[in-house]
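A.B. asks: Compute the structure for the input listed below.
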Amino acid sequence: MWKVSANPVQPEEAIAWFRARLPLPKAEWQALEERARRKAFTVAGVVQLDLLAEVWESLSRALEQGIPYAEWAKEMRGKLEAAWGRKDSARLEIIFRTNVQMAYASGRWAQMEAPEVKQARPYRMYDAVLDSRTTSICKTRHGTVLPADDPWWNRNWPPLHFNCRSGVRALTELEARQRGITERPTSSAPQAGFGNAPQTWEWSPDPKDYDPRVWAAYIQALGTAFGRDARRAAEARARLAAIARGEVEAAENDAPSALALVAVGEFPQRPVKVRDPEVRALLGEEAPRLLQKLIQHAIIDQQFRPDLSPERYLEILRRAAIHPGAAVVVHAPPRGPVALVIAPSEVVGDDLGPEAEPWIVVVYDLTHGTLVTGYLASSLEAISLWPKRTWLRNNPQLGF
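C.D. replies: Sure, this is the predicted structure:
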């Protein structure tokens, strides 16, 4: 009986491909186009992003450490079946088998695409496991031999269906001719959602290499999760504040956390004292902070359209956080630790004013969990930053 398990010899290409995917709830995943889904990870019946992330992390560890299905299932069975509301061993195994197989198949593709491999072995053969469980999808493809660059492989790269056990072998020209090069390979379609050969961009963890909708959906889903779980949001803010004060080192997940907090951020609701005299002349002694900042940057500084509404201003600041080119920095000035999101001002669109600048800066208070301001800046030098700061994600165009 065929069993899928992770290889104890770390399959680096497979691990890198899997870790470049972002966990998304099923609804957000289904809203994406087929190409964009290649960089996303989901599990049917699981809506909580924190559980999705845990499943994604557990599968990543399985690939890295060679954890077999039985051991992985022992760890994840209770949590997933609680989310599903019933026991479902078949679904549990499909999740493990399909994701591990897709990672291995993608890693195999990356190895075969190496120029030296293609030169030495310019042909490929579809290699199915033939037994009582072999599907007609794989049976009709078994033994197909074609040049490595034949477009047929673009739509016939395993896995081709759930629980697919097939692979692809690289052949020398002599081996290919001995087996016989296939003249008319099958044109039948794989199961929906399967069969697409990987592309090199799928290995990149850089946000700019994701379909913008994938990155935006991930940050928005993470922000929604924070909105539903005040304790988790407070923990994220506390960790970011500790990083800003230099008490802990930043980790890979800290930048998405900061972006997600801003993506669902709100201004304080109660009126506060108006300190700027020009703003005070228009609003009086006290006004909500959102309105103060809107008047400051739209009416007085003319960075935004003068008729920009408070709702639209808030939407623009949140959108800056889901831009793939957004940089994130945390620092701790005397008033308390803050996070700054710095994104290209293209997110503002038609709402830019006559004094527009290339960058939009959004400031978020990590102590109180509220937005502080949002304004445009010409360069990094024009942004007020404390000397001791930690960049969680940068943008090379900022010039540092």
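A.B. asks: Next up, phi/psi of Val363, please.
C.D. replies: Backbone torsions for Val363, taken as degrees, to the nearest 10, come to phi -110, psi 130.
A.B. asks: State the distance from it to Leu371.
C.D. replies: 7 Å (C-beta to C-beta, to the nearest Å). Yep, even glycine has a C-beta here, placed from its N, CA and C like the rest.
A.B. asks: When those two are compared, which one has more neighbours?
C.D. replies: Leu371 (22 against 19; other C-beta atoms under 10 Å).
A.B. asks: Give me the distance from the host helix or strand of the more buried one to the chain's centre.
C.D. replies: Here Leu371 sits within strand 370-377, counting by DSSP states H and E. Offset of strand 370-377 from its chain centre (C-alpha atoms, centre = their mean, to the nearest Å): 25 Å.
A.B. asks: Name every strand pairing with the helix or strand just after that strand and say which way it goes.
C.D. replies: Following strand 370-377 in sequence order, the next helix or strand is strand 389-393 (DSSP H and E). Looking at strand 389-393 with DSSP bridges, its partner strands are strand 327-331 (antiparallel).
A.B. asks: and the helix or strand following the partner strand, how far from the chain's centre?
C.D. replies: Where DSSP H and E defines the elements, the next helix or strand beyond strand 327-331 is strand 338-344. Centre-to-centre, strand 338-344 and its host chain are 18 Å apart (C-alpha atoms, centre = their mean).
A.B. asks: Likewise for stretch 223-236?
C.D. replies: Centroid displacement of stretch 223-236 relative to its chain, using C-alpha atoms, centre = their mean, is 18 Å.
A.B. asks: cool, and stretch 252-264?
C.D. replies: Relative to the centre of its chain, stretch 252-264 is centred 12 Å away, using C-alpha atoms, centre = their mean.
A.B. asks: Pull out the buried positions in that stretch.
C.D. replies: For stretch 252-264, the neighbour count (16 or more other C-beta atoms under 10 Å) marks Asp254, Ala255, Pro256, Ser257, Ala258, Leu259, Ala260, Leu261, Val262, Ala263, Val264 as buried.
A.B. asks: What are the contacting residues of that stretch?
C.D. replies: 218-220, 222-227, 233, 236-237, 239-240, 243, 317-318, 320-322, 326, 328, 330, 339, 341, 362, 364, 369, 371, 392-393 (C-beta atoms under 8 Å, 6 or more residues apart in numbering).
A.B. asks: So for the nearest residue to Pro23 once chain neighbours are set aside, what pLDDT did the model give?
C.D. replies: Once flanking residues are discounted, Pro23 sits nearest to Leu52: 4.0 Å by C-beta to C-beta, 6 or more residues apart in numbering. Looking at Leu52, its pLDDT is 93.
A.B. asks: Same question for Gln220.
C.D. replies: Listed pLDDT for Gln220 reads 92.
A.B. asks: Would you mind listing the buried residues in the helix or strand of the chain with the lowest mean pLDDT?
C.D. replies: When the helices and strands of the chain are scored by mean pLDDT, DSSP states H and E, helix 34-37 comes last with a mean of 86. Neighbour-count burial for helix 34-37 flags Ala36, Arg37 (criterion: 16+ other C-beta under 10 Å).
A.B. asks: likewise stretch 179-197?
C.D. replies: For stretch 179-197, a neighbour-count test (16+ other C-beta under 10 Å) marks Thr182, Pro185, Thr186, Pro190, Phe194, Gly195, Asn196, Ala197 as buried.
A.B. asks: what does it contact?
C.D. replies: For stretch 179-197, the external contacting residues (C-beta under 8 Å, 6+ apart) are 34, 37-38, 109, 123, 125, 137, 140-141, 143-147, 152-162, 164, 171.
A.B. asks: So which of those residues are in strands?
C.D. replies: Counting by DSSP state E, the contacts of stretch 179-197 place Tyr123, Met125, Val145, Leu146, Pro147, Leu171 in strands.
A.B. asks: OK, contacts around the fourth one?
C.D. replies: For Leu146, the residues meeting the contact criterion (C-beta under 8 Å, 6+ apart) are Tyr123, Arg124, Trp152, Trp153, Ile181, Thr182, Pro185.
A.B. asks: Look up how far Arg155 lies from it.
C.D. replies: Leu146 sits at a distance of 12 Å from Arg155 (criterion: C-beta to C-beta).
A.B. asks: related to what we said a few turns ago, wait, the residue nearest to Pro23 sits on Gly45?
C.D. replies: No: contact criterion C-beta atoms under 8 Å: Leu52 and Gly45 do not qualify, at 10.7 Å.
A.B. asks: could you pull out the strands for the protein?
C.D. replies: Residue ranges of the strands in the chain, as given by DSSP E, are 22-23, 40-41, 123-127, 145-147, 167-171, 272-273, 286-287, 327-331, 338-344, 359-365, 370-377, 389-393.
A.B. asks: okay, these in JSON lines with distance to Gly399 and mean pLDDT next?
C.D. replies: JSON lines is the format used below for the strands of the chain (distance: least, C-beta to C-beta, whole Å; pLDDT from 0 to 100):
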{"stretch": "strand 22-23", "distance to Gly399": "28", "mean pLDDT": "92"}
{"stretch": "strand 40-41", "distance to Gly399": "32", "mean pLDDT": "94"}
{"stretch": "strand 123-127", "distance to Gly399": "45", "mean pLDDT": "98"}
{"stretch": "strand 145-147", "distance to Gly399": "46", "mean pLDDT": "98"}
{"stretch": "strand 167-171", "distance to Gly399": "45", "mean pLDDT": "96"}
{"stretch": "strand 272-273", "distance to Gly399": "34", "mean pLDDT": "94"}
{"stretch": "strand 286-287", "distance to Gly399": "36", "mean pLDDT": "96"}
{"stretch": "strand 327-331", "distance to Gly399": "11", "mean pLDDT": "97"}
{"stretch": "strand 338-344", "distance to Gly399": "12", "mean pLDDT": "97"}
{"stretch": "strand 359-365", "distance to Gly399": "11", "mean pLDDT": "98"}
{"stretch": "strand 370-377", "distance to Gly399": "12", "mean pLDDT": "97"}
{"stretch": "strand 389-393", "distance to Gly399": "13", "mean pLDDT": "95"}
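A.B. asks: Alright, I will stop here.
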